[in-house]
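Colleague: I'd like to go over a predicted model; first the sequence, then the structure.
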Amino acid sequence: MTAATVHSAVEPAEAPLTPESWGKLGMWVFLVGDAVGFGVLLAGYGAMRATSGDWPNPYAVLGINLTALMTFLLICSSVTMVKGLEWLGKGDRTRAVQYLFFTALGGAIFVSLQAYEWSHLIHRGLHINQNPWGAALFGTSFFLVTGFHGLHVTGGVIYLVSMIRYVANRPDPAASYNAVEITGLYWHFVDLVWIMVFTFLYLF
Amino acid sequence: MAASEHKGPSYMAIFWYLAVLTILELIVVFLPFGKMTNNVLLGALAVTKAVLVAMYFMHLRFEAKTLGWIAVTPLAIATLLVFVLLPDGFAVLKKTDTAAKPAVAAPAKH
């Protein structure tokens, strides 16, 4: 039995927006809302920065070597995610679980590196309400935006780990394909947001 | 299965595009074109990467068109947001410009 037939039994007869499932549409609608949330944060960041007279030079203060590595790591974890889904589509559950594990591991390393970066910056004097380089809002917006994203990655790692169990507990790979694809949507979105955060907060 | 129906570049090809674009971003930061030009280039590179992720990793290219419209809605909202913030920003800028001198001399307040 394929995923498509399982779903046609429980879903209404009219054509859904996505060929496979309403669940996927639900995730997309959630992500659109989440994207607006991040959009508000980044627009607010831009407005505060544009109207500040003493905004510090971000890449001089924050450094971009570690974050460039973190960006690369997140891109790699996106690739392992699509590979995991691909293996599940081919019916290889063991490989799929392996790749899901690599994806979760990539996310966990990302959050660890962020924790390291934060503690390093706090040690150098970057606080949420003050910093030695200029506008106090620099620290506020930095911790707010990267923290909000880091929370998303942490949630994503938990989501992925629970999906590993979900896939492992279902003997038929097709039965978990749709759920894993939806997980992938969330994970790629977190990657996509980091691409924006990295550019706006570190490189601009 | 849906995965095998997908046409277009392979996942690994997208990975290499993303990796190369990231390296390009790191190069652009140090180009001597001035802040404005560099930021336009960086913005364009970031948007390209985001579009690649959404189109291929999130399979948006292979979904129903309506889903694509749902996905680009935040872009319209984000554009509106910028225009909403602009007058506010300019007002603050004007205020800080006139009060710039005493503000610098005054001790930092939190």
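Modeller: Arrived safely, thanks for sending. Values in this document were obtained by computation on a predicted structure and should not be read as measured data.

Colleague: So residue A:108 versus chain B, what's the distance?
Modeller: Noted for residue A:108: a distance of 20 Å to chain B, by Cβ to the nearest Cβ, to the nearest Å. C-beta here means a position set from N, CA and C on the backbone, and glycine is covered the same way.

Colleague: list the contacts for the closest residue to residue A:149 other than its chain neighbours?
Modeller: In space, and not counting its chain neighbours, residue A:149 is closest to residue A:197: 5.5 Å by Cβ to Cβ, 6 or more residues apart in numbering or on different chains. By Cβ atoms under 8 Å, 6 or more residues apart in numbering or on different chains, the contact set of residue A:197 is A:38, A:42, A:145-146, A:149.

Colleague: Where does the prediction get shaky in chain A?
Modeller: Within chain A, the stretches with pLDDT under 70 are A:1-20.

Colleague: residue ranges with poor pLDDT in chain B?
Modeller: B:1-8, B:96-110.

Colleague: let's see it at 80
Modeller: B:1-9, B:78, B:82, B:85-110 (pLDDT under 80).

Colleague: Do a quick rundown of the helices in it.
Modeller: Remark: helices assigned in chain B by DSSP state H are B:2-5, B:11-28, B:35-52, B:65-98, B:100-105.

Colleague: Now render the ones you listed as JSON lines, adding mean neighbour count.
Modeller: What follows is the helices of chain B, written out as JSON lines (neighbours: other Cβ atoms under 10 Å in any protein chain shown):
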{"stretch": "helix B:2-5", "mean neighbour count": "13"}
{"stretch": "helix B:11-28", "mean neighbour count": "16"}
{"stretch": "helix B:35-52", "mean neighbour count": "16"}
{"stretch": "helix B:65-98", "mean neighbour count": "13"}
{"stretch": "helix B:100-105", "mean neighbour count": "10"}
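
Colleague: Could you dump these into JSON lines and include distance to residue A:127?
Modeller: Compiled in JSON lines, these are given as follows (distance: least, Cβ to Cβ, whole Å):
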{"stretch": "helix B:2-5", "distance to residue A:127": "47"}
{"stretch": "helix B:11-28", "distance to residue A:127": "28"}
{"stretch": "helix B:35-52", "distance to residue A:127": "26"}
{"stretch": "helix B:65-98", "distance to residue A:127": "22"}
{"stretch": "helix B:100-105", "distance to residue A:127": "20"}
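
Colleague: for those, which one sits closest to residue A:32?
Modeller: Of all the helices of chain B, it is helix B:65-98 that lies closest to residue A:32, at 5.6 Å by Cβ to Cβ.

Colleague: Which elements pack onto that closest one?
Modeller: helix A:22-50 (3 or more Cβ pairs under 8 Å, 6 or more residues apart in numbering or on different chains; DSSP states H and E).

Colleague: Direction-wise, compare the helix it packs on with helix B:65-98 and give the angle.
Modeller: Orientation check (axes from the mean of the first three to the mean of the last three Cα atoms, to 10 degrees): helix A:22-50 against helix B:65-98 gives 20 degrees.

Colleague: buried residues in helix A:22-50?
Modeller: Neighbour-count burial for helix A:22-50, counted by 16 or more other Cβ atoms under 10 Å in any protein chain shown, picks out A:23-25, A:27-28, A:31-32, A:34-35, A:38-39, A:41-49.

Colleague: any bit of the next helix-or-strand element following that helix sitting next to chain B?
Modeller: On the C-terminal side of helix A:22-50, the closest following helix or strand by DSSP states H and E is helix A:58-61. Yes - contact between helix A:58-61 and chain B, assessed by Cβ under 8 Å from any Cβ of the partner chain, occurs at residue A:59.

Colleague: Any buried residues in helix A:58-61, and which?
Modeller: A:58-59, A:61.

Colleague: quick one: contacts of that helix?
Modeller: Under Cβ under 8 Å, 6+ apart, the answer for helix A:58-61 is A:126, A:131, A:133, A:138, A:201-204, B:29.

Colleague: Can you give me the buried ones in the helix or strand following that helix?
Modeller: As assigned by DSSP H and E, the chain's next helix or strand after helix A:58-61 is helix A:65-89. Using 16+ other Cβ under 10 Å as the test for burial, helix A:65-89 gives A:67-68, A:70-71, A:73-89.

Colleague: What is the helix or strand just after helix A:65-89 packed up against?
Modeller: The helix or strand immediately downstream of helix A:65-89 is helix A:93-123, counting by DSSP H and E. Applying 3+ Cβ pairs under 8 Å, 6+ apart, one finds that helix A:93-123 contacts helix A:65-89, helix A:137-168, helix A:173-197.
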